[in-house]
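Colleague: have a look at this fold, sequence not included:
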């Protein structure tokens, strides 16, 4: 099941994200993953504030 999930994520990423000029993400981990998958556009990290 995990392998199917990874393939689906890669399909969605290649179909939509690779053709965009910029992407907004919520963590640096996601940013690193996008860079690892070969995304070359601008990536903006928007940190979501969390209350104590």
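Modeller: Yes, it's here. It should be emphasised that the depicted structure is a prediction, and the values quoted were computed from it without experimental measurement.

Colleague: when you work out contacts or count neighbours from here on, use the C-alpha atoms and nothing else.
Modeller: Noted.

Colleague: what's near enough to touch residue 14?
Modeller: Contacts for residue 14 (C-alpha atoms under 8 Å, 6 or more residues apart in numbering) come out as none.

Colleague: what helix or strand does it sit in?
Modeller: helix 2-16 (DSSP states H and E).

Colleague: cool, residue 50 as well?
Modeller: Residue-wise, residue 50 maps onto no helix or strand under DSSP H and E.

Colleague: distance of it relative to residue 24?
Modeller: 18 Å (C-alpha to C-alpha, to the nearest Å).

Colleague: more neighbours, those two?
Modeller: Between residue 50 and residue 24, counted using other C-alpha atoms under 10 Å, the more crowded position is residue 24 (12 against 5).

Colleague: assign that one to helix, strand or coil.
Modeller: Following DSSP: H, G, I helix; E, B strand; the rest coil, we place residue 24 in the strand state.

Colleague: for the nearest residue to it once chain neighbours are set aside, grab the count of nearby residues.
Modeller: Of all residues not flanking residue 24 in the chain, residue 44 sits nearest, at 4.7 Å (C-alpha to C-alpha, 6 or more residues apart in numbering). When neighbours are counted by other C-alpha under 10 Å, residue 44 registers 14.
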